[in-house]
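Peer 1: Everything below, folded, please.
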Amino acid sequence: MPIQQPSNQIKLTNVSIVRLKKGGKRFEVDDAKIACYKNKVQEWRNGVETNIDDVLQIANVFVNVSKGELAKHQDLQKAFGKTDTNEIVKEILKKGELQVGEKEREHDLSSIRREIATLVAEKCVDPATQRPIPVGMIEKAMTEAGYSVRPGKNAKSQVALDILHRYTEGALKIDGQVSECIKLLQSDSTLPIQRARMRVKVTMPSEDGKRIRKRILEGAEKVETDAMGDQQWEATLLIDPGQFKVINELLHKECKGKGRIETMTFAATSSS
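Peer 2: Next comes the predicted model:
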(Lines give C-alpha, C1' and ligand atoms only; values in the text may rest on other atoms or scores of the structure.)
Protein backbone atom coordinates (compact mmCIF):
# COMPACT_ATOMS: atom_id res chain seq x y z
CA MET A 1 0.00 0.00 0.00
CA PRO A 2 1.76 3.22 -1.11
CA ILE A 3 1.96 6.14 1.31
CA GLN A 4 2.68 9.54 -0.22
CA GLN A 5 5.06 11.82 1.68
CA PRO A 6 5.86 15.43 0.67
CA SER A 7 9.24 14.61 -0.84
CA ASN A 8 9.28 10.88 -1.28
CA GLN A 9 7.18 7.77 -1.39
CA ILE A 10 7.29 5.06 1.25
CA LYS A 11 5.73 1.71 0.54
CA LEU A 12 4.07 0.04 3.51
CA THR A 13 3.23 -3.64 3.25
CA ASN A 14 1.34 -5.88 5.61
CA VAL A 15 0.41 -2.96 7.83
CA SER A 16 -1.98 -3.05 10.71
CA ILE A 17 -3.57 0.18 11.89
CA VAL A 18 -4.14 1.47 15.41
CA ARG A 19 -6.93 4.05 15.47
CA LEU A 20 -8.03 6.51 18.11
CA LYS A 21 -10.95 8.90 17.79
CA LYS A 22 -10.44 12.04 19.83
CA GLY A 23 -11.62 15.61 19.57
CA GLY A 24 -14.09 14.70 16.85
CA LYS A 25 -11.36 13.37 14.56
CA ARG A 26 -9.99 9.90 13.91
CA PHE A 27 -6.23 9.61 14.15
CA GLU A 28 -4.23 6.65 12.94
CA VAL A 29 -0.75 5.34 13.49
CA ASP A 30 0.65 2.55 11.38
CA ASP A 31 2.27 -0.55 12.78
CA ALA A 32 3.95 -2.18 9.82
CA LYS A 33 6.15 -4.66 11.66
CA ILE A 34 3.20 -6.51 13.05
CA ALA A 35 3.40 -8.78 10.03
CA CYS A 36 6.82 -9.96 11.15
CA TYR A 37 6.32 -9.53 14.89
CA LYS A 38 2.62 -10.15 15.18
CA ASN A 39 2.18 -9.22 18.82
CA LYS A 40 4.30 -6.07 18.98
CA VAL A 41 1.43 -3.73 19.85
CA GLN A 42 0.24 -5.97 22.67
CA GLU A 43 3.79 -6.63 23.83
CA TRP A 44 4.37 -2.86 24.01
CA ARG A 45 1.13 -2.37 25.92
CA ASN A 46 2.12 -5.10 28.37
CA GLY A 47 5.62 -3.70 28.82
CA VAL A 48 7.32 -6.68 27.18
CA GLU A 49 8.51 -4.57 24.26
CA THR A 50 10.05 -1.27 25.38
CA ASN A 51 11.58 -0.01 22.14
CA ILE A 52 8.82 1.76 20.26
CA ASP A 53 10.98 1.82 17.13
CA ASP A 54 10.54 -1.96 16.95
CA VAL A 55 6.77 -1.50 16.96
CA LEU A 56 6.39 1.28 14.39
CA GLN A 57 7.48 1.58 10.80
CA ILE A 58 6.89 5.33 10.68
CA ALA A 59 6.43 7.44 13.81
CA ASN A 60 3.82 9.71 12.25
CA VAL A 61 0.22 10.42 13.08
CA PHE A 62 -2.17 10.13 10.15
CA VAL A 63 -5.71 11.24 9.61
CA ASN A 64 -5.85 8.58 6.90
CA VAL A 65 -3.02 6.07 6.51
CA SER A 66 -4.18 4.64 3.20
CA LYS A 67 -4.09 8.10 1.62
CA GLY A 68 -0.92 9.14 3.42
CA GLU A 69 -2.71 12.13 4.93
CA LEU A 70 -0.79 13.38 7.95
CA ALA A 71 -2.56 15.01 10.87
CA LYS A 72 -2.17 18.79 11.07
CA HIS A 73 -0.41 20.31 14.05
CA GLN A 74 -3.41 22.45 14.92
CA ASP A 75 -5.67 19.39 14.94
CA LEU A 76 -3.23 17.52 17.18
CA GLN A 77 -3.03 20.47 19.54
CA LYS A 78 -6.80 20.72 19.72
CA ALA A 79 -7.37 17.01 20.28
CA PHE A 80 -4.38 16.07 22.44
CA GLY A 81 -3.31 19.39 23.91
CA LYS A 82 0.15 18.95 22.43
CA THR A 83 1.97 18.47 19.15
CA ASP A 84 4.79 16.18 20.24
CA THR A 85 4.39 13.34 17.75
CA ASN A 86 6.25 10.79 19.86
CA GLU A 87 4.00 11.37 22.86
CA ILE A 88 0.84 11.32 20.75
CA VAL A 89 1.90 8.11 19.00
CA LYS A 90 2.37 6.47 22.42
CA GLU A 91 -1.11 7.57 23.50
CA ILE A 92 -2.66 6.20 20.32
CA LEU A 93 -0.82 2.90 20.73
CA LYS A 94 -1.93 2.67 24.35
CA LYS A 95 -5.59 3.64 23.95
CA GLY A 96 -6.35 3.05 20.28
CA GLU A 97 -8.14 0.19 18.59
CA LEU A 98 -5.97 -2.26 16.66
CA GLN A 99 -7.37 -2.98 13.21
CA VAL A 100 -6.58 -6.52 12.07
CA GLY A 101 -6.69 -7.60 8.44
CA GLU A 102 -9.51 -9.93 7.41
CA LYS A 103 -7.28 -12.84 6.41
CA GLU A 104 -5.24 -12.49 9.58
CA ARG A 105 -8.41 -12.33 11.67
CA GLU A 106 -9.79 -15.46 10.00
CA HIS A 107 -6.52 -17.29 10.63
CA ASP A 108 -6.49 -16.28 14.28
CA LEU A 109 -10.14 -17.17 14.84
CA SER A 110 -9.46 -20.56 13.28
CA SER A 111 -6.53 -21.02 15.68
CA ILE A 112 -8.66 -19.97 18.65
CA ARG A 113 -11.37 -22.41 17.56
CA ARG A 114 -8.83 -25.22 17.35
CA GLU A 115 -7.47 -24.35 20.79
CA ILE A 116 -10.94 -24.34 22.30
CA ALA A 117 -11.64 -27.74 20.73
CA THR A 118 -8.35 -29.02 22.19
CA LEU A 119 -9.27 -27.77 25.66
CA VAL A 120 -12.73 -29.33 25.38
CA ALA A 121 -11.06 -32.62 24.46
CA GLU A 122 -8.84 -32.37 27.53
CA LYS A 123 -11.79 -31.78 29.84
CA CYS A 124 -14.37 -34.19 28.40
CA VAL A 125 -14.97 -37.86 27.66
CA ASP A 126 -17.40 -40.07 25.77
CA PRO A 127 -19.96 -41.06 28.47
CA ALA A 128 -20.41 -44.55 27.00
CA THR A 129 -16.73 -45.50 26.86
CA GLN A 130 -15.31 -42.99 29.37
CA ARG A 131 -12.51 -42.38 26.89
CA PRO A 132 -11.21 -39.09 25.47
CA ILE A 133 -12.86 -37.73 22.33
CA PRO A 134 -10.61 -36.83 19.35
CA VAL A 135 -10.22 -33.11 18.71
CA GLY A 136 -11.37 -33.54 15.10
CA MET A 137 -14.70 -34.99 16.23
CA ILE A 138 -15.18 -32.11 18.64
CA GLU A 139 -14.50 -29.58 15.88
CA LYS A 140 -17.11 -31.25 13.66
CA ALA A 141 -19.60 -31.18 16.53
CA MET A 142 -18.84 -27.47 17.12
CA THR A 143 -19.77 -26.82 13.48
CA GLU A 144 -22.90 -28.95 13.82
CA ALA A 145 -23.96 -27.04 16.93
CA GLY A 146 -23.25 -23.67 15.31
CA TYR A 147 -20.57 -22.67 17.82
CA SER A 148 -18.94 -19.30 17.09
CA VAL A 149 -15.68 -18.06 18.56
CA ARG A 150 -15.77 -14.66 20.23
CA PRO A 151 -12.46 -12.92 19.39
CA GLY A 152 -12.74 -10.65 22.43
CA LYS A 153 -11.77 -13.56 24.65
CA ASN A 154 -8.59 -15.56 24.64
CA ALA A 155 -8.26 -19.27 24.64
CA LYS A 156 -6.53 -20.26 27.80
CA SER A 157 -6.85 -18.81 31.25
CA GLN A 158 -3.87 -20.73 32.47
CA VAL A 159 -1.36 -20.15 29.63
CA ALA A 160 -2.09 -17.07 27.53
CA LEU A 161 -1.48 -17.76 23.85
CA ASP A 162 0.60 -15.20 21.98
CA ILE A 163 -1.66 -15.41 18.95
CA LEU A 164 -4.66 -14.28 21.01
CA HIS A 165 -3.08 -11.35 22.83
CA ARG A 166 -4.12 -9.02 20.03
CA TYR A 167 -7.71 -9.43 21.02
CA THR A 168 -7.64 -9.14 24.80
CA GLU A 169 -5.54 -7.88 27.66
CA GLY A 170 -7.19 -10.30 30.09
CA ALA A 171 -5.82 -13.76 30.62
CA LEU A 172 -8.57 -15.45 32.58
CA LYS A 173 -11.33 -15.67 30.02
CA ILE A 174 -11.26 -18.90 28.09
CA ASP A 175 -12.80 -21.17 30.68
CA GLY A 176 -16.06 -19.34 30.02
CA GLN A 177 -15.86 -20.09 26.29
CA VAL A 178 -14.88 -23.71 26.90
CA SER A 179 -17.76 -24.22 29.35
CA GLU A 180 -20.21 -22.59 26.94
CA CYS A 181 -18.91 -24.76 24.11
CA ILE A 182 -19.37 -27.95 26.15
CA LYS A 183 -22.94 -26.98 27.08
CA LEU A 184 -23.73 -26.21 23.44
CA LEU A 185 -22.30 -29.53 22.27
CA GLN A 186 -24.40 -31.34 24.87
CA SER A 187 -27.60 -29.59 23.82
CA ASP A 188 -27.22 -28.91 20.08
CA SER A 189 -24.97 -31.63 18.66
CA THR A 190 -25.25 -35.39 18.25
CA LEU A 191 -21.86 -35.97 19.87
CA PRO A 192 -22.12 -37.83 23.20
CA ILE A 193 -19.96 -35.81 25.60
CA GLN A 194 -19.62 -35.19 29.32
CA ARG A 195 -17.17 -33.39 31.55
CA ALA A 196 -14.35 -35.53 32.85
CA ARG A 197 -14.24 -35.72 36.62
CA MET A 198 -11.54 -33.94 38.58
CA ARG A 199 -9.41 -35.87 41.05
CA VAL A 200 -8.55 -33.72 44.07
CA LYS A 201 -6.89 -34.13 47.43
CA VAL A 202 -8.43 -32.37 50.42
CA THR A 203 -6.45 -31.93 53.64
CA MET A 204 -7.20 -30.15 56.92
CA PRO A 205 -6.60 -30.47 60.66
CA SER A 206 -8.44 -33.40 62.20
CA GLU A 207 -10.60 -31.17 64.39
CA ASP A 208 -11.90 -29.39 61.29
CA GLY A 209 -12.27 -32.69 59.45
CA LYS A 210 -14.54 -34.05 62.15
CA ARG A 211 -16.80 -31.01 61.74
CA ILE A 212 -17.08 -30.68 57.96
CA ARG A 213 -15.92 -34.05 56.56
CA LYS A 214 -19.48 -35.16 55.80
CA ARG A 215 -20.30 -31.92 53.94
CA ILE A 216 -17.22 -32.30 51.74
CA LEU A 217 -17.80 -35.96 50.95
CA GLU A 218 -21.39 -35.17 49.92
CA GLY A 219 -20.00 -33.16 47.01
CA ALA A 220 -17.89 -36.05 45.70
CA GLU A 221 -18.96 -38.52 43.05
CA LYS A 222 -16.45 -41.04 44.36
CA VAL A 223 -14.34 -41.17 47.50
CA GLU A 224 -11.04 -42.90 46.71
CA THR A 225 -9.36 -42.39 50.10
CA ASP A 226 -10.65 -41.15 53.44
CA ALA A 227 -8.10 -41.14 56.25
CA MET A 228 -8.61 -39.47 59.62
CA GLY A 229 -5.38 -39.20 61.58
CA ASP A 230 -4.55 -37.73 64.97
CA GLN A 231 -3.38 -34.46 63.43
CA GLN A 232 -4.84 -34.36 59.92
CA TRP A 233 -7.74 -35.56 57.80
CA GLU A 234 -6.96 -36.33 54.18
CA ALA A 235 -9.23 -37.51 51.38
CA THR A 236 -8.86 -38.14 47.66
CA LEU A 237 -12.05 -37.48 45.73
CA LEU A 238 -13.47 -37.54 42.23
CA ILE A 239 -15.66 -34.48 41.76
CA ASP A 240 -17.46 -32.60 39.06
CA PRO A 241 -15.23 -29.59 38.22
CA GLY A 242 -18.01 -27.28 39.37
CA GLN A 243 -17.61 -28.65 42.91
CA PHE A 244 -14.03 -27.41 43.17
CA LYS A 245 -15.10 -23.85 43.93
CA VAL A 246 -17.76 -25.04 46.39
CA ILE A 247 -15.26 -27.10 48.39
CA ASN A 248 -12.60 -24.39 48.22
CA GLU A 249 -15.01 -21.79 49.60
CA LEU A 250 -16.07 -24.17 52.37
CA LEU A 251 -12.45 -24.71 53.38
CA HIS A 252 -11.77 -20.98 53.32
CA LYS A 253 -14.77 -20.31 55.55
CA GLU A 254 -14.41 -23.18 58.03
CA CYS A 255 -10.68 -23.88 58.30
CA LYS A 256 -9.23 -20.37 58.60
CA GLY A 257 -6.46 -21.00 56.08
CA LYS A 258 -5.52 -24.44 57.42
CA GLY A 259 -7.50 -26.47 54.89
CA ARG A 260 -6.37 -27.13 51.34
CA ILE A 261 -7.72 -28.61 48.11
CA GLU A 262 -5.29 -29.64 45.36
CA THR A 263 -6.02 -30.71 41.81
CA MET A 264 -4.31 -33.99 41.03
CA THR A 265 -5.63 -34.97 37.57
CA PHE A 266 -8.69 -34.95 35.37
CA ALA A 267 -9.97 -38.51 35.68
CA ALA A 268 -11.37 -40.28 32.63
CA THR A 269 -14.16 -41.83 34.67
CA SER A 270 -15.99 -41.43 37.92
CA SER A 271 -17.33 -44.98 38.08
CA SER A 272 -16.08 -47.69 40.37
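
Peer 1: gap between the strand or helix carrying residue 251 and the chain center?
Peer 2: In the assignment (DSSP states H and E), residue 251 maps to helix 242-254. Relative to its parent chain, helix 242-254 has a centroid offset of 25 Å by Cα atoms, centre = their mean, to the nearest Å.

Peer 1: Could I get the buried residue list for that helix?
Peer 2: Of all the residues in helix 242-254, those buried under the rule 16 or more other Cβ atoms under 10 Å are 243, 247, 250-251. C-beta here means a position set from N, CA and C on the backbone, and glycine is covered the same way.

Peer 1: Could you do stretch 179-195 as well?
Peer 2: For stretch 179-195, by 16+ other Cβ under 10 Å, it's 181-182, 184-186, 189, 191, 193-195.

Peer 1: hang on, the earlier thing: tell me which helix or strand comes right after the helix holding residue 251.
Peer 2: Following helix 242-254 in sequence, per DSSP H and E, is strand 260-267.

Peer 1: Quick one: list the elements packing against the helix holding residue 251.
Peer 2: Contacts defined by 3 or more Cβ pairs under 8 Å, 6 or more residues apart in numbering; DSSP states H and E place helix 242-254 against strand 197-205, helix 206-218, strand 260-267.

Peer 1: what comes up buried for the helix or strand following the second one?
Peer 2: This points to helix 206-218. Next helix or strand after helix 206-218 toward the C-terminus (DSSP H and E): strand 222-228. For strand 222-228, the neighbour count (16+ other Cβ under 10 Å) marks residue 226 as buried.

Peer 1: Give me the distance between the two termini of stretch 125-132.
Peer 2: Start-to-end span of stretch 125-132 (Cα to Cα, to the nearest Å) is 5 Å.

Peer 1: Distance-wise, check the closest residue to residue 146 other than its chain neighbours relative to residue 147.
Peer 2: Closest residue in space to residue 146, ignoring its immediate chain neighbours: residue 188 at 6.7 Å, by Cβ to Cβ, 6 or more residues apart in numbering. Remark: distance between residue 188 and residue 147 (Cβ to Cβ, to the nearest Å) = 8 Å.

Peer 1: Could you do residue 56 as well?
Peer 2: Distance check for residue 56 against residue 147: by Cβ to Cβ, it reads 37 Å.

Peer 1: Any stretches of the stretch 1-150 of the chain with poor pLDDT?
Peer 2: Counting by pLDDT under 70, the ranges of the stretch 1-150 of the chain that qualify are 1-16, 23, 27-39, 57, 66, 99-105.
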